[in-house]
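Asks: My questions concern the predicted model and sequence given below.
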Amino acid sequence: MTDRLVVLFFFFFSVATFADDTASSSSEKLTGIPPSANQYAQISTDGSVAIATVNTYASNIAMAVVAKGGNAIDAAVAATFALGVVDAQNSGIGGGCLILVRLANGKIYAIDGREMAPAAANRDMFLAQGKPNPELSRTGALAIGIPGSVMALYKLQQLGGALKFRDDVLPAADLADTGFRISNSMAERLAATSAKLATFPASAAIFLDENKKPLVAGTMLQQRDLAATYRRIARQGPGYFYKGDFSKKAAAWMRENGGLITLRDFSRYQIKLRDPIVSEFSGYTLYGFPPPSSGGTHVAQILNILDEFDLPNISPSNRYHLIADAMKFSFADRAHWLGDTDFTAVPKGLTDKRYAKLIAKKINLEKSQIDISHGNPDIDIQALMNKHTTHIAAADLAGNWVAITSTVNTSFGSKVVIPGTGVVMNNQMDDFSAQVGTANAFGLVGSEANSVQPRKRPLSSMSPTLVFKDGKPVMTLGAAGGPTIISQVVQTLLYTLHDGMTAQQAMMQPRIHQQWNPNVLFVEAAMPAAIQQSLKDKGHELKIWPRMGASQAIELRDGKLVPTAEPRVMKQNEK
């Protein structure tokens, strides 16, 4: 089978299955799941509201809230709180979130609920004996940023929810109280992090057994403290979290464990309403999230670069090569320019099509660009490729469209649970450039633009995205997976908006990821061997990965809402 025929098979028939012809015997065949069997992506009985999440419990709760009169905003808020219960390895109220919402009245908001550095933070806080100690920014008290999720979700609900805030929170509290069966993905992450969880008594009491062993898949997990925290938030609102008993418990724990966050830090936290990144691609208007997210900027930049090429007439292997080099140039810019715009100037020209033309001229379709790389440091590739964060997509026919990406950063964040609260705290401080040029847990390096400063927000790869056609919303999407979030969203948008695939078909395509540093092209094992070899011949150093990332999307097709959840996650949890 020729190179072109192989990719045509993928482009038009991969909704049924990935190809068997792979370069790795460890790869799985991923089968498309019909909507009727997909409990991760659900539609209300009248077809007016849709939700897509990474977990059945969360999607069920979203639909239950809709049944009580809630709209897409209520569904999204309820699902996000539920994910903090059943998907605590990825997200929760001890972390942050970025929200893009288009309200039924046509107004669009970018709600920045990103974590923030404490007032006592300083650029040398992660040094030990004058040398960077990565563990300090990843585990324990110093790794924690001031969480923003509770305030951001409250703001979203107040902007356009049909119910009351407590109506969206209490179902998740009941779930935490009643308990749920641990999923395969949570069990795998517990096994990988159990040694660090064991060092914090409150964390061990929840996620490990009496012998300090990780709980296994299928175990019933009840979280009474978290349920009580949720109920107090439902009753008192964000005040309980930022100025009440929760903040007092968190500040006290910080004092006792060498942390920097104070009660004043909690009380001074504020969400930010940002101006979205607006770009055009293939006749559609895209709204992405601005800094401190790098997602909106670099999704737009990569698509702008691709738009400079005659994509329909480029061979499949050349197309993957083009995408990879466009990613490489964009991630190089990310490392140098991106940071919190309250502290650093991020050039608006990064998303200018004229700048994309300059980059496109540097791309050789026959050979990969190597000279823009600045090294290949030793990093934890497994951590880079794991699915961190979570994404929630929600929409209704009244015109509310929501994209929420929520995170505690790496698996179970800092591994800290504040005693008596049940809340897993983030390790978002690792997303700063602890020292300029030093890689974080995802292998990403940064410049002074993303250095640690008091009350600054660290750079993120989260990429909640809304898509419009002729001024009307037609898609909401986003992804989980560290820096692969950007590459996932780019590829889903390319395949849907340019190639005319459904979101489900787009998600079934073999994914690639190139982030400039390390100078490695990550390729899913499902990619045909012929294309893999062609990429090697063009100078790419390939790293084969069984599967990468987790995307969620909702489309408006023929007047109907069509939700799609990540097939890789569903396949994993059905093992």
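Replies: Here it is on my side, so go on. Numbers count the residues shown, from 1 in each chain.
Asks: Could you list the low-pLDDT ranges of this structure?
Replies: Along the chain, the parts satisfying pLDDT under 70 run over 1-38, 371-388, 434-447, 570-575.
Asks: again, only this time at 80
Replies: 1-38, 369-388, 433-448, 570-575 (pLDDT under 80).
Asks: longest helix of it?
Replies: Scanning the chain for the helix with the most residues, using DSSP state H, yields helix 316-337.
Asks: and that helix, what does it pack onto?
Replies: With contacts taken as 3 or more C-beta pairs under 8 Å, 6 or more residues apart in numbering; DSSP states H and E, helix 316-337 sits against helix 3-13, helix 295-306, helix 484-493, strand 512-513, helix 529-537. C-beta: built from backbone N, CA, C; applies to glycine.
Asks: Direction included, what does the fourth one pair against?
Replies: The reference is to strand 512-513. Counting by DSSP bridges, the strands paired with strand 512-513 are strand 521-524 (antiparallel).
Asks: Give me the contacts around the strand it pairs with.
Replies: Strand 521-524 has contacts (C-beta atoms under 8 Å, 6 or more residues apart in numbering) with 27, 324, 385, 484, 510-514, 532, 535, 540-548.
Asks: my read: residue 250 touches residue 419, true?
Replies: No: using C-beta atoms under 8 Å, residue 250 makes no contact with residue 419, being 9.7 Å away.
Asks: what about those two, which has more around it?
Replies: residue 250 (27 against 18; other C-beta atoms under 10 Å).
Asks: Leaving out the residues flanking it, which one is nearest to that one?
Replies: Residue nearest to residue 250 in three dimensions, not counting chain neighbours: residue 418, with 5.0 Å by C-beta to C-beta, 6 or more residues apart in numbering.
Asks: So the one you found is in contact with residue 201, correct?
Replies: No: if you go by C-beta under 8 Å, residue 418 and residue 201 don't touch, sitting 11.4 Å apart.
Asks: in the sheet, who's paired with the most centrally placed residue in the chain?
Replies: The centroid of the chain falls nearest to residue 480 when counting by C-alpha atoms, centre = their mean (3.2 Å). Judged by DSSP bridges, the bridge partners of residue 480 are residue 550.
Asks: so what's it up against?
Replies: Contacts for residue 480 (C-beta under 8 Å, 6+ apart) come out as 54, 90, 387-391, 405, 407, 549-551.
Asks: got the helices and strands packed on helix 316-337 as JSON lines, with mean neighbour count and distance to residue 46 columns?
Replies: Converted to JSON lines, the helices and strands packed on helix 316-337 look like this (neighbours: other C-beta atoms under 10 Å; distance: least, C-beta to C-beta, whole Å):
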{"stretch": "helix 3-13", "mean neighbour count": "15", "distance to residue 46": "33"}
{"stretch": "helix 295-306", "mean neighbour count": "27", "distance to residue 46": "33"}
{"stretch": "helix 484-493", "mean neighbour count": "28", "distance to residue 46": "27"}
{"stretch": "strand 512-513", "mean neighbour count": "27", "distance to residue 46": "39"}
{"stretch": "helix 529-537", "mean neighbour count": "18", "distance to residue 46": "44"}
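Asks: Throw those into a markdown table and include distance to residue 281, thanks.
Replies: Listed next are those as a markdown table, based on distance: least, C-beta to C-beta, whole Å:
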| stretch | distance to residue 281 |
| --- | --- |
| helix 3-13 | 18 |
| helix 295-306 | 5 |
| helix 484-493 | 7 |
| strand 512-513 | 19 |
| helix 529-537 | 24 |
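Asks: closest one to residue 214 among these?
Replies: Closest approach to residue 214 among the helices and strands packed on helix 316-337 is made by helix 484-493 (25.1 Å; C-beta to C-beta).
Asks: and the next element down the chain from that closest one?
Replies: Using DSSP states H and E, the helix or strand that follows helix 484-493 towards the C-terminus is helix 503-507.
Asks: That following helix - contacts with which helices or strands?
Replies: helix 484-493, strand 550-557, strand 560-565.
Asks: which residues are contacting it?
Replies: By C-beta under 8 Å, 6+ apart, the surrounding residues in contact with helix 503-507 are 12, 14-15, 32, 475, 477, 491-492, 494-496, 499, 551, 553-555, 562, 564, 566-567.
Asks: Distance from the chain centre to it, please.
Replies: Helix 503-507 sits 18 Å away from the centroid of its parent chain (C-alpha atoms, centre = their mean, to the nearest Å).
Asks: about what we covered before: out of the contacts of residue 480, which two sit at the greatest distance?
Replies: With C-beta to C-beta as the measure, no two of the contacts of residue 480 lie farther apart than 407 and 551, at 14.9 Å.
Asks: How about residue 495: what's its closest non-neighbour residue?
Replies: Distances taken as C-beta to C-beta, 6+ apart place residue 506 nearest to residue 495, at 3.7 Å, with adjacent residues excluded.
Asks: Distance check, that neighbour against residue 117.
Replies: Between residue 506 and residue 117 the distance is 37 Å, computed by C-beta to C-beta, to the nearest Å.
Asks: Separate out the buried members of the contacts of helix 503-507.
Replies: Buried residues within the contacts of helix 503-507, counting neighbours by 16 or more other C-beta atoms under 10 Å: 14-15, 475, 477, 491-492, 494-496, 551, 553-555, 562, 564, 566-567.
Asks: re the thing from before, just tell me which of the helices and strands packed on helix 503-507 ends up closest to residue 263.
Replies: Proximity to residue 263 (C-beta to C-beta) singles out helix 484-493 among the helices and strands packed on helix 503-507, at 33.1 Å.
Asks: before we move on, back to that, contacts only, for the residue nearest to residue 250.
Replies: By C-beta under 8 Å, 6+ apart, residue 418 lies in contact with 94, 202, 246, 249-250, 253, 425.
Asks: which one of these sits closest to residue 289?
Replies: Of the contacts of residue 418, the one sitting nearest to residue 289 (C-beta to C-beta) turns out to be residue 94, at 20.9 Å.
Asks: Quick check: the closest one vs residue 427, distance?
Replies: The gap separating residue 94 from residue 427 is 10 Å, by C-beta to C-beta.
Asks: Next: residue 50.
Replies: Using C-beta to C-beta, residue 50 is found at 33 Å from residue 427.
Asks: same question, residue 61
Replies: Distance of residue 61 to residue 427, computed by C-beta to C-beta: 27 Å.
Asks: OK, contacts around the residue lying closest to residue 333 once chain neighbours are set aside?
Replies: Leaving aside its sequence neighbours, residue 333 sits nearest to residue 350 (C-beta to C-beta, 6+ apart; 5.9 Å). Residue 350 makes contact with 297-298, 301, 333, 337, according to C-beta under 8 Å, 6+ apart.
Asks: now swap in residue 61 and tell me
Replies: 78-79, 82, 171-172, 175.
Asks: how far off strand 560-565 does the host helix or strand of it point, in degrees?
Replies: Element membership of residue 61, judged by DSSP H and E, is helix 56-67. Computed by axes from the mean of the first three to the mean of the last three C-alpha atoms, to 10 degrees, the angle separating helix 56-67 from strand 560-565 equals 160 degrees.
Asks: For helix 56-67, buried residues please.
Replies: Neighbour-count burial for helix 56-67, counted by 16+ other C-beta under 10 Å, picks out 56-63, 65-66.
Asks: quick one: which of those residues is nearest residue 161?
Replies: Nearest to residue 161 among those, with distances taken as C-beta to C-beta, is residue 65, at 9.5 Å.
Asks: Work out for me the element the nearest residue to that closest one once chain neighbours are set aside sits within.
Replies: Among residues not flanking residue 65 along the chain, residue 78 sits closest, at 4.3 Å (C-beta to C-beta, 6+ apart). Element membership of residue 78, judged by DSSP H and E, is helix 72-86.
Asks: what are the pairing partners of the helix or strand just after that helix, and which direction each?
Replies: Moving toward the C-terminus from helix 72-86, the next helix or strand (DSSP H and E) is strand 96-102. Strand pairing for strand 96-102, determined by DSSP bridges: strand 108-113 (antiparallel), strand 401-407 (antiparallel).
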